[in-house]
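> Pasting the sequence and the predicted coordinates here, then a few questions.
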Amino acid sequence: SIRKEQEWLPRLAPRLSLPIPELVHAGTLTEVFPLVWSVYRWIDGEVAGPETVRDWAGFGADLAEAVRELHRVDLMGATRGDGLGWYRGGALAPCDEWVGRCLDECRALVGSDLDVDALGAMWRAALALPEPAGPQVWLHGDLKPTNLLVRDGRLHAVIDFGGLSIGLPDAEHAPLWDLPPQARRAYWDALGLDDATWLRARAWAIAVGVSGIPYYWRTFPAFVAECRARLTAILADADAR
């Protein structure tokens with residue numbers, strides 16, 4: 001992830017309107033510290049949340065524009081084979097086995113609190129849809145609120161490009177279920193996504209949520225809470241689209 005950011009963020013930054021991490025120094029591995037590392041210029045801002053965002057509809061529209069802009073950036077000759085391939089930029093079908101296993105594990109852990117059967121039905125419905133036929137694009141890969149910085153109540157910067165990849169865009173929309181309904185609705189409208197794209201995006205949101213709960217159950221309770229909140233939001237507005 002560090003090498004990927006070092007190589008591509010300086011090339012992407014001039015093509016994007018919002019600030020992204022600016023590389024100040026690319027550290028190389030040594031005997032003292034045997035890993036690559038980076039120093040980035042500080043970006044003022046606060047994590048997106050109810051205490052920092054003034055207008056969630058406006059925030060959703062701004063995020064949609066940032067995504068549209070990133071997805072329109074030329075690939076500059078890069079391909080998924082250049083260390084820029086990630087499962088979230090691929091098709092849903094190859095993930096079905098492990099998602100099914102994670103659904104079973106979630107049912108055992110939190111089945112009384114979440115309608116895991118309904119989540120599984122949504123996942124299978126998305127699997128039955130035609131695979132996306134659009135072009136591959138640049139993907140941030142993890143646009144959850146903690147990677148979106150707010151200043152003066154509005155989206156100001158996007159950080160943490162460790163999931164940067166090239167692929168199909170459906171999974172890019174999955175973190176919308178981490179935001180309030182007003183933001184999701186404005187995002188839908190701004191990008192004009194069709195129903196199939198939205199259902200596949202929701203399936204990606206389910207995949208990340210149900211895998212995160214059992215994997216981090218004992219080690220990262222804060223992320224487990226994020227996953228549960230995302231899945232609860234999906235169930236709450238299952239018929240909203």
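Great, that's in hand. Numbers count the residues shown, from 1 in each chain.

> ok, the residue sitting nearest the centre point of the chain - contacts?
What sits nearest the mean C-alpha location of the chain, by Cα atoms, centre = their mean, is Asp142, with 2.9 Å. For Asp142, the contact set (Cβ atoms under 8 Å, 6 or more residues apart in numbering) comprises Asp160, Gly162, Gly163, Pro175. All C-beta atoms are positioned from the backbone trio N, CA, C, and that covers glycine.

> among those residues, who's most crowded?
Pro175 (23 neighbours; other Cβ atoms under 10 Å).

> Next up, the contacts around that residue.
So Pro175 contacts Asp142, Leu143, Lys144, Pro145, Ala205 (Cβ under 8 Å, 6+ apart).

> which residue sits closest to the third one in space, ignoring its chain neighbours?
In space, Lys144 comes closest to Pro175 once its chain neighbours are excluded; the distance is 4.4 Å by Cβ to Cβ, 6 or more residues apart in numbering.

> The fourth one now?
The shortest distance from Pro145 to any non-neighbouring residue, by Cβ to Cβ, 6+ apart, is to Ala48 (4.2 Å).

> can you pull out the strands in this structure?
For the chain, applying DSSP state E gives strands covering 23-27, 37-40, 46-47, 137-139, 148-151, 154-158, 165-167.

> To Trp98, which of the ones you listed lies closest?
Evaluated over the strands of the chain, closeness to Trp98 peaks at strand 165-167, with 17.9 Å, by Cβ to Cβ.

> mind putting the contacts of Asp142 in a markdown table, pLDDT and distance to Val116 included?
Putting those into a markdown table (pLDDT from 0 to 100; distance: Cβ to Cβ, whole Å) gives the following:
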| residue | pLDDT | distance to Val116 |
| --- | --- | --- |
| Asp160 | 96 | 29 |
| Gly162 | 93 | 29 |
| Gly163 | 94 | 26 |
| Pro175 | 94 | 21 |
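
> State the pair within those that is farthest apart.
Gly162 and Pro175 (14.4 Å).
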